[in-house]
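Chemist: my questions are about this predicted structure, shown below with the sequence.
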Amino acid sequence: MILHEIETADGSTMAELQLERLKKTLDHVYRNVQFYQKKFNELMISPDKISSLQDIQHLPFTTKKDLRDNYPFGLFAVPRNDIVRLHASSGTSGKPTVVAYTQRDIDMWSDIVARSIAIGGGEKGELLHNAYGYGLFTGGLGLHYGSERLGMMTVPVSGGNTQRQIQLIEDFKPSVICGTPSYLLAIAEKMEQLGKNPAETSLKYGIFGAEPWSEEMRITLESKWNIKACDIYGLSEVIGPGVAMECHEAQDGLHIAEDHFYTEIIDPVSLKVLPMGEEGELVFTSLTKEALPIIRYRTGDIASIKKERCECGRTTLKMSRVKGRVDDMLIIRGVNVFPSEIEHHLLTIPELSPHYQLLLSKENNLDCLKVRVEIKQTNYDSLDDHENKANFIFLSRKIEEVMKTGCYVSVHAEVVPPGTIPRSEGKAVRLIDNRVSAK
């Protein structure tokens, strides 16, 4: 096991480094990002007035809405010709949140993820099987570059094609596998259907993230694969995967890369900073990013933080595994989607009424989303039964296409006659979670 010096630093050393980097970041954004300059001026704050880490509480928050409002490049802090990569995620308004990286950002991110993989059990010279999706989603490329930086032989399998995944695991004999926990469970079950035993593969460690997963899921994955299963955390707005990583020794909270990110926990209602150990909304400030520094970013994730020397020897701040969301965001097979995003795209289809339901279920241990929506009365009444049946099929396929291109999520759509979906006198019940009842 290799520990980086900064991972075992004492509190005063870490705080001194964080303050130095915070001051540089604030000066950078104040000079180069009009959004932050305006925010700071409105609060009558200037970067040179920040003299301690506690002063960060006087700075403004940044939200996902701010990124969308400044779409696509309004929050970039460097000239466009200094940017070497963009990643993006979908948004409620139909516009994605765009994040950018300079070459220095990519190198720094690779270092952070390399540390994360090492924390999770990876070692130079071994082989890593990367089943995260590649593309605008930060998971695939984030783990890929980190694995290469660590010196691991990296297999960029991406997601899907389960039988191919199985073949490569058997033939290449990786020691580490990365992906969403639900997909790794699906791979294991496919192996069992083929008469193979996943516990007999070469795998020793699993690095899983991009969706919430329980301790029960960890036990199941570890039992099926005969591995240590560890949680990785990150958001594209902050940098991507690697913001925090659970160590394979203790599996008790995720080590935050404190030298790159300053962490707060706030009350999501009062916005007051909460003491260490209390549960609230995670807030991150980047300390080393060039292209898109982020100040006090409200993640929407609920967790707590603690400072202690870990069983693995690291002294970095730990966050608990994410307990839930401040909002009602859904995560379907590693893709984040809000009900409001779905509604936005549904209402672009003129034949549909605003009455709909979202039904979550489990199929082969993967989360599935069904969108059930009513057709407008006028469109229904104008057709006979045969024509309506054909129209329902056509509109269902149209919804699935719109959700795939607009929200980047695969759904099963069902169009139903007017009056089918129950009405409510109070708050409409849009989301029905059948995953619990299916256990």
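Modeler: Structure received.
Chemist: going by C-alpha atoms from here, please, whenever you check contacts or count neighbours.
Modeler: Will do.
Chemist: look at Glu170 and say how many residues are nearby.
Modeler: By other C-alpha atoms under 10 Å, 15 other residues sit near Glu170.
Chemist: I figured it was touching Thr201, is that so?
Modeler: Yes. Shown here, Glu170 and Thr201 form a contact pair, counting by C-alpha atoms under 8 Å, at 6.6 Å.
Chemist: ok, and what's touching the helix or strand containing Leu358?
Modeler: Taking DSSP states H and E as the definition, one finds Leu358 inside strand 352-363. Residues from elsewhere that reach strand 352-363 (C-alpha atoms under 8 Å, 6 or more residues apart in numbering): 339, 343, 346-347, 367-376, 421, 429-435, 438.
Chemist: among those, which are located in strands?
Modeler: For the contacts of strand 352-363, membership in strands holds for Asp367, Cys368, Leu369, Lys370, Val371, Arg372, Val373, Glu374, Ile375, Leu431, Ile432, Asp433, with DSSP state E as the criterion.
Chemist: next one: the fifth one from Glu400, what distance?
Modeler: With distances defined as C-alpha to C-alpha, to the nearest Å, the gap from Val371 to Glu400 amounts to 9 Å.
Chemist: now do the shared contacts for those two.
Modeler: Both Val371 and Glu400 are in contact with Val411, His412, Ala413, where contact means C-alpha under 8 Å, 6+ apart.
Chemist: how about a markdown table for those, with distance to Arg321, pLDDT and neighbour count added?
Modeler: Output for these, formatted as a markdown table (distance: C-alpha to C-alpha, whole Å; pLDDT from 0 to 100; neighbours: other C-alpha atoms under 10 Å):
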| residue | distance to Arg321 | pLDDT | neighbour count |
| --- | --- | --- | --- |
| Val411 | 27 | 93 | 22 |
| His412 | 30 | 94 | 15 |
| Ala413 | 33 | 96 | 22 |
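Chemist: closest one of the residues you listed to Ser270?
Modeler: Taking C-alpha to C-alpha as the measure, Val411 is the one of the shared contacts of Val371 and Glu400 closest to Ser270, at 36.1 Å.
Chemist: now the end-to-end length of stretch 43-51.
Modeler: Length of stretch 43-51, first residue to last, C-alpha to C-alpha: 17 Å.
Chemist: could you pull up the contacting residues of the residue of the chain positioned farthest from its centre?
Modeler: In the chain, Asp384 marks the outermost C-alpha relative to the chain mean, sitting 45.8 Å out by C-alpha atoms, centre = their mean. Under the criterion of C-alpha under 8 Å, 6+ apart, Asp384 has no neighbours.
Chemist: so where's this protein shaky on pLDDT?
Modeler: Counting by pLDDT under 70, the chain contains low-confidence ranges at 1-2, 90-94, 212, 324, 328-329, 340, 423-428, 436-439.
Chemist: going along the chain, name the helices of it.
Modeler: 11-32, 34-42, 64-69, 103-119, 138-150, 162-172, 181-193, 215-225, 339-346, 377-381, 385-407 (DSSP state H).
Chemist: of all those, which lies closest to Pro275?
Modeler: That would be, of the helices of the chain and by C-alpha to C-alpha, helix 11-32, which comes in at 16.5 Å.
Chemist: give me the contacts around the closest one.
Modeler: By C-alpha under 8 Å, 6+ apart, the residues outside helix 11-32 that reach it are 6, 36-37, 40, 46-48, 50-53, 76-78, 258-260, 262, 286-289, 293.
Chemist: quick check: angle from it to helix 34-42?
Modeler: Taking axes from the mean of the first three to the mean of the last three C-alpha atoms, to 10 degrees, helix 11-32 and helix 34-42 form an angle of 100 degrees between their directions.
Chemist: can you dump the C-alpha atoms of helix 11-32 in CSV for me?
Modeler: Provided in CSV are the C-alpha atoms of helix 11-32 (Å, rounded to 0.1, in the frame of the first residue of the first chain):
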residue,chain,number,x,y,z
GLY,A,11,-4.6,19.2,10.4
SER,A,12,-2.5,22.4,10.5
THR,A,13,-0.5,21.5,7.5
MET,A,14,-3.6,20.6,5.5
ALA,A,15,-5.4,23.8,6.6
GLU,A,16,-2.4,26.0,5.6
LEU,A,17,-2.3,24.4,2.1
GLN,A,18,-6.0,24.7,1.7
LEU,A,19,-6.0,28.4,2.6
GLU,A,20,-3.1,29.1,0.2
ARG,A,21,-4.9,27.4,-2.7
LEU,A,22,-8.2,29.0,-1.8
LYS,A,23,-6.8,32.5,-2.0
LYS,A,24,-5.3,31.7,-5.4
THR,A,25,-8.6,30.3,-6.6
LEU,A,26,-10.6,33.2,-5.4
ASP,A,27,-8.3,35.7,-7.1
HIS,A,28,-8.5,33.6,-10.3
VAL,A,29,-12.3,33.6,-10.5
TYR,A,30,-12.6,37.2,-9.4
ARG,A,31,-10.4,38.3,-12.3
ASN,A,32,-11.7,35.9,-14.9
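Chemist: OK, contacts around Pro422?
Modeler: With C-alpha under 8 Å, 6+ apart as the criterion, no residue contacts Pro422.
Chemist: and the gap between it and Val429?
Modeler: In this structure, Pro422 and Val429 are separated by 9 Å, where distance is defined by C-alpha to C-alpha.
Chemist: also Pro174?
Modeler: Applying C-alpha to C-alpha, the value for Pro174 to Val429 is 45 Å.
Chemist: so those two - more neighbours on which side?
Modeler: Neighbours were counted for Pro174 and for Val429 using other C-alpha under 10 Å; Pro174 has more, 23 against 13.
Chemist: residues touching the more buried one, list them.
Modeler: When contacts are counted by C-alpha under 8 Å, 6+ apart, Pro174 touches Glu126, Leu127, Leu128, His129, Ser202, Leu203.
Chemist: how near is the third one to Ile219?
Modeler: Relative to Ile219, Leu128 is positioned 22 Å away (criterion: C-alpha to C-alpha).
Chemist: for stretch 48-58, give me every contacting residue.
Modeler: By C-alpha under 8 Å, 6+ apart, stretch 48-58 touches Ala15, Gln18, Leu19, Lys23, Asp27, Val273.
Chemist: top of those by neighbour count?
Modeler: With neighbours taken as other C-alpha under 10 Å, the top of those is Gln18, carrying 22 neighbours.
Chemist: tell me how many other residues surround Ala361.
Modeler: For the record, residue 361 is Ser, not Ala. 19.
Chemist: now it: how far from His412?
Modeler: In this structure, Ser361 and His412 are separated by 11 Å, where distance is defined by C-alpha to C-alpha.
Chemist: what is in contact with the two at once?
Modeler: Going by C-alpha under 8 Å, 6+ apart, residues that sit against Ser361 and also against His412 are Leu369, Lys370.
Chemist: domains of the chain?
Modeler: Residue ranges for the structural domains of the chain, counted by automatic domain parsing, are given in the record as 5-327, 335-433.
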